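A.B. asks: I'll drop the sequence and a predicted model, then ask my questions.
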Amino acid sequence: MSMAARFAGLDRRWIFLTTGLLVLVPLLWPINLPIDPSPPVRSYHDAIEALPPGSLVLVSCDFDPASRPELEPMARTTLQHLFRKKCKVVAVCLFQGGARFADAIIEDVARSRRRVYGVDYANLGYKAGNEAVMVLMGQSVVNTFQLDHRGRDVAGLPIMQGVRDYSSFALLVSLAAGYPGTKEYVQQVQGRFHIPIVAGVTAVTAPQLYPYLQSGQLKGLLGGMAGAAEYEDLRYERGMASRGMDAQSLAHLFIGLCIVLGNVAYWEKRRRAAP
């Protein structure tokens, strides 16, 4: 029996098992496949790297549990980068259902960097209203978010002293899974208030934002898990996205191999059946 015929008769459960192992093993023991950061990712990294120490940065965490696997690695690496630059972070959330997850990520990273809440960072929490909230923040951040995620008076937080509107921030980081998100920040905020914006978005959203990147309205862009892994590579980190890309790449290679072998087996079967 030829190898092609043996493959055609292979129990599909072996294929499922192999695919599962190719996904699981790199997640537990990373193999560190090579990564080549793209220009949009380098621009994202460079925009943060160029911030003077002590800069105040606005981070909008607009994602939910469904998009968390793609956006969380971006959020963690971005926060680590900002805190290492000694930047101060003010986080907000305009995506319903995302505030609790964003708070857990921010608290975990801030704790690891020994940052003090209210002094080095603050989470103003969720505010309904979509684009209306974006525009209101351009008039007064403190009046838009009167209480933070913990129920504290925002105006009384040391980090918020002197904060007026977007002009008080050196950079806006939009980590978004959909609406409202980066597209709305560019349309409603960037052109009106002229604040520099970088964005990290899901892979399916990224193609819609490349025109804004080319026009200069976005200073940098991370697209999906691949973009997050490239950003980790620039930061000399091997985090969640890098492990995820190892698993994804090996699984894709195996599936591609199965497709090729399946076609070979099919044509071999047809050849043998021909008179």
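C.D. replies: Received the coordinates, thanks. Numbering: from 1, shown residues only.

A.B. asks: quick one: contacts for Q96?
C.D. replies: Applying C-beta atoms under 8 Å, 6 or more residues apart in numbering, we find Q96 in contact with 64, 126, 128. Where you see a C-beta, it was placed from the backbone N, CA and C, and this is true even at glycine.

A.B. asks: redo that, cut-off 10 Å
C.D. replies: Residues in contact with Q96 (C-beta atoms under 10 Å, 6 or more residues apart in numbering) are 62, 64, 126, 128, 130, 180.

A.B. asks: and what of V116?
C.D. replies: With contact taken as C-beta under 10 Å, 6+ apart, V116 is in contact with 110, 158-159.

A.B. asks: Give me the buried entries from the residues you listed.
C.D. replies: In the contacts of V116, burial by neighbour count holds for 110, 159, counting by 16 or more other C-beta atoms under 10 Å.

A.B. asks: out of the contacts of V116, which are inside helices?
C.D. replies: Secondary structure assignment by DSSP state H places A110 of these in helices.

A.B. asks: Can you tell me which of the contacts of V116 is closest to Q217?
C.D. replies: Checking the contacts of V116 against Q217 by C-beta to C-beta gives I159 as the nearest, at 27.4 Å.

A.B. asks: What distance do you get for the residue nearest to the closest one when sequence neighbours are not counted to I106?
C.D. replies: Nearest residue to I159, sequence neighbours excluded (C-beta to C-beta, 6 or more residues apart in numbering): A122, at 5.1 Å. Counting by C-beta to C-beta, to the nearest Å, the gap from A122 to I106 is 9 Å.

A.B. asks: sorry, back to before: just give the number of residues close to the residue nearest to I159.
C.D. replies: Close neighbours of A122, defined as other C-beta atoms under 10 Å, add up to 25.

A.B. asks: Surely it is within a helix?
C.D. replies: No. A122 sits outside any helix when classified using DSSP: H, G, I helix; E, B strand; the rest coil, being strand.

A.B. asks: Next one: it from E232, what distance?
C.D. replies: From A122 to E232 the distance is 26 Å (C-beta to C-beta).

A.B. asks: now E107
C.D. replies: Counting by C-beta to C-beta, the gap from E107 to E232 is 21 Å.

A.B. asks: and if you look at E70?
C.D. replies: 13 Å.

A.B. asks: what residues are shared contacts of these two?
C.D. replies: Common neighbours of E70 and E232, counting by C-beta under 10 Å, 6+ apart, are 240-241.

A.B. asks: Alright, calling it a day.
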